[in-house]
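K.L.:
after the sequence you'll find the predicted model.
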Amino acid sequence: MKSPVFRSYAIIYLIFLYAPIILLPLFAFNDSKVIAFPLQGFTTAWFREMWEDVTLWNAVQNSLIISISVAVISTLLGLFAARSSTRFNFPAKAGIMGLIMLPMVLPEMILAMALLVVLLAIGVELSLLTIILGHVLVCTPFAVAILSSAFQSLDQSLEEAAYDLGETPISTFWLIILPLVMPGIISSLLICFTISLDEFIIAYFLGGTDTVLSVYIYGQFRFPAKVPAIMALGTILVLLSIALLATAEYFRRRGIAKAGGKDTGGFL
Amino acid sequence: MTKSDAMIEFRDVHKYYGDYHALRGITATIRPGEFFSLLGPSGCGKTTLLRTIAGFEDISSGAVLIDGRDMAGVPANKRPTNMVFQSYAIFPHLSVEENVGFGLRRDARSKEEKAKAVAEALEMVGLKGYGKRAAHALSGGQRQRVALARALILKPKVLLLDEPLSALDKKMREQMQVELIKLQRQVGITFILVTHDQEEALVMSDRIAVMFEGEIAQLADPETLYRRPNSRKVADFIGTMNFLPAKVLEEGADAVEIDAAGFGRIHIEAKQVMGGATAEGATVGFRPETLTILYEGSAASDRESMATIEEVVYFGDMTYYDVKIDGTESPVRISMRNVFGRPVLDRGARARVGWSPGALVLFR
């Protein structure tokens, strides 16, 4: 690790990764309609313009409806899948779990196309609902992955102990299992929310007349005058994403520490 | 058999996991107030048997009775048993007192009475004043005690202990063994311990069931198990035993005459004659401490043989000698307590070995 070659490699790597993101706030506060150096001076006008854009707020509202629904539905489905895969044995378990996890690696474009064809064929009108459907498909594998790790770090004898001490299977779930996997549930909710919020392809393919945030932003780039305001919006979204992911990671780690397990991976 | 004679009764208990026959016709009785151990190597079915008492494992056929009542169809949360798990299974999100008082949730007693019961239980296991601590911050030995208090607070008829000491270091383990024995005497509850550690079983139990491959090989008190194991397999599993080939010369009603190489003709009483020989045929077995190296002026022994010392292992309080008795093929181990003023013998030395036919066991 001491070699200067490795050090410069690491630095260049990080610059390529993060420099474009640093440009966002730079131009968001730049007093010019043109995105170019040199910077022209400081302004908060773009934030004001963004704030007053009604279509933007409409898109934000749509996105929030979708992302919150997706987070809840995916986490619930993930809960069932993770619980059954870690606790019970059933025929073709590996195959079923593989199929559940598959959308994680399947190109979203293929998913979006396939869903669009099917939905049109059976005559479902495209709406926020169809986007939710697509997003749940993409987010559930993440929920399963996060929750499986939460369930796996649970010692099975904890359940048996509660049962042995007179509790029923249902009260054992409420009193022992749920509190111990709660950090995983919160973490899953946050991750699914974030993934759904900035997903573009499915939202673009399956969205009807209602625009969501990612599609709206893409559309605005056609108008050069709108770009600085988008930079301002981007700045806010970056900060929110970092805050969300950090919260998710905090809960995941706390969950592992609580169950007395060892940290093996994670998103941050 | 009257009801008071059996706290647990196994009646021809079988358990299959698919094709695997885990328990092969267990029939045994555990008495009330007894400290009973299930001893055997891993995979012998001892934990499975324990879990059939707790209700975590259904049996394929036969019956398990607790205090005279057939447990078929009675779920774990309705059985008069409580368990201390190998991992302790302390609820990590609860405090020590919440853990200990967990089983009282469905109890009709008042809050104050429950708090008093929790405090008493904690005091009983030597954790007075630890109630407010977070359970996940405790040491291994302390978790063990919390698990004990939590299981005993419900005053079960039977306490089940699944290898409770295996995660502790040697010193802590020995200390907990003594504490468990004292605790068992104090509460008078039937304790059933699963262990693979033969020493632990000998130290703690009133009676021990030695299990191999889903069957009870021998059920006896520790001394019988040690002195008169009923097969070579049990003898091999419990402590150290020397084996020498033997030839049966004459069979009487209450004794057998044998010829064992190096020992000459020996008269073995019927109670010392066991089955369970291996394919090699009859063998005579004896514990290392039943042979003595005779020094000048030692008290005379029943019988004597000459031997050559091949190996010396010095343990401080004891010395193990591997000696080859004249006329035998393989060396046998003798353990001698070291006495002040008596020299430890050297490798290659010649020695007189004293022994008594009464200490020998014949497997045939």
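P.N.:
Here it is on my side, so go on.
K.L.:
got a list of contacts for the longest helix belonging to chain B?
P.N.:
As assigned by DSSP state H, the longest helix anywhere in chain B is helix B:170-187. Residues from elsewhere that reach helix B:170-187 (Cβ atoms under 8 Å, 6 or more residues apart in numbering or on different chains): B:35, B:124-126, B:140-141, B:144, B:148, B:152, B:159, B:161, B:164-165, B:168, B:191, B:200, B:203-204. (C-beta placed from N, C-alpha, C; glycine too.)
K.L.:
buried residues in stretch A:213-230?
P.N.:
Across stretch A:213-230, burial judged by 16 or more other Cβ atoms under 10 Å in any protein chain shown covers A:213-217, A:220, A:226-230.
K.L.:
how distant is that stretch from the center of its chain?
P.N.:
When distances are taken as Cα atoms, centre = their mean, to the nearest Å, stretch A:213-230 is centred 22 Å away from the chain's centroid.
K.L.:
CA-only coordinates of that stretch in CSV, if you can.
P.N.:
Extracted in CSV, the C-alpha atoms of stretch A:213-230 (Å, rounded to 0.1, in the frame of the first residue of the first chain):
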residue,chain,number,x,y,z
LEU,A,213,-38.8,13.2,-10.5
SER,A,214,-36.1,11.3,-12.5
VAL,A,215,-38.0,11.6,-15.7
TYR,A,216,-38.8,15.3,-15.1
ILE,A,217,-35.1,16.1,-14.5
TYR,A,218,-34.2,14.3,-17.7
GLY,A,219,-36.8,16.3,-19.6
GLN,A,220,-35.6,19.6,-18.3
PHE,A,221,-32.1,19.1,-19.8
ARG,A,222,-33.7,19.8,-23.2
PHE,A,223,-34.0,23.4,-22.1
PRO,A,224,-30.5,25.0,-21.5
ALA,A,225,-32.1,27.8,-19.4
LYS,A,226,-33.5,25.2,-17.0
VAL,A,227,-30.2,23.5,-16.3
PRO,A,228,-28.9,25.6,-13.4
ALA,A,229,-32.1,25.0,-11.5
ILE,A,230,-31.7,21.3,-12.1
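K.L.:
among the buried residues of stretch A:213-230, name the ones in helices.
P.N.:
Within the buried residues of stretch A:213-230, residues falling in helices by DSSP H are A:213-217, A:220, A:227-230.
K.L.:
low-confidence stretches in chain A?
P.N.:
Residue ranges of chain A with pLDDT under 70: A:1-2, A:255-268.
K.L.:
which parts of it sit against chain B?
P.N.:
Within chain A, the positions adjacent to chain B are A:155, A:157-158, A:160-168, A:176, A:179-180, A:258-260 by Cβ under 8 Å from any Cβ of the partner chain.
K.L.:
about what we covered before: quick one: the longest helix of chain B to chain centroid distance?
P.N.:
Per Cα atoms, centre = their mean, the centroid offset for helix B:170-187 relative to its chain is 14 Å.
K.L.:
following that helix, which helix or strand comes up?
P.N.:
With elements assigned by DSSP states H and E, the helix or strand that comes after helix B:170-187 is strand B:190-195.
K.L.:
and the next element down the chain from that following strand?
P.N.:
helix B:198-204.
K.L.:
next, the angle from the helix or strand just after that next one to strand B:190-195.
P.N.:
Going down the chain from helix B:198-204, the next helix or strand is strand B:207-212, by DSSP H and E. In terms of direction (axes from the mean of the first three to the mean of the last three Cα atoms, to 10 degrees), strand B:207-212 departs from strand B:190-195 by 30 degrees.
K.L.:
list the helices and strands strand B:207-212 packs on?
P.N.:
Packing partners of strand B:207-212 (3 or more Cβ pairs under 8 Å, 6 or more residues apart in numbering or on different chains; DSSP states H and E): strand B:35-39, strand B:215-220, helix B:222-227, helix B:232-237.
K.L.:
so which of these gets nearest chain A?
P.N.:
strand B:35-39 (17.8 Å; Cβ to the nearest Cβ).
K.L.:
which other residues reach that closest one?
P.N.:
Residues from elsewhere that reach strand B:35-39 (Cβ under 8 Å, 6+ apart): B:30, B:46, B:49-50, B:181, B:184, B:190-196, B:198, B:200-201, B:204-211, B:237.
K.L.:
buried sites along it?
P.N.:
Within strand B:35-39, the residues that count as buried by 16+ other Cβ under 10 Å are B:35-39.
K.L.:
same deal with stretch B:247-256?
P.N.:
Under the neighbour-count criterion of 16+ other Cβ under 10 Å, stretch B:247-256 has B:255-256 buried.
K.L.:
backbone phi and psi for B:Tyr321, please?
P.N.:
Torsion angles at B:Tyr321 (phi, psi; degrees, to the nearest 10) stand at phi -110, psi 130.
K.L.:
enumerate the residues of chain B near chain A.
P.N.:
So chain B meets chain A at B:54, B:56, B:75-77, B:81-83, B:85-87, B:89, B:91-93, B:102-103, B:105-106, B:136, B:150-151, B:154 (Cβ under 8 Å from any Cβ).
K.L.:
nearest residue to B:His21 other than its sequence neighbours?
P.N.:
Closest residue to B:His21 apart from its sequence neighbours, by Cβ to Cβ, 6 or more residues apart in numbering or on different chains: B:Gly214 at 6.0 Å.
K.L.:
in the stretch 251-364 of chain B, which spans are strands?
P.N.:
Counting by DSSP state E, counting those that start in this stretch, residue ranges of the strands within the stretch 251-364 of chain B are B:255-260, B:264-269, B:273-274, B:283-286, B:292-294, B:303-314, B:318-325, B:332-337, B:350-355, B:361-363.
K.L.:
great, nothing more from me.
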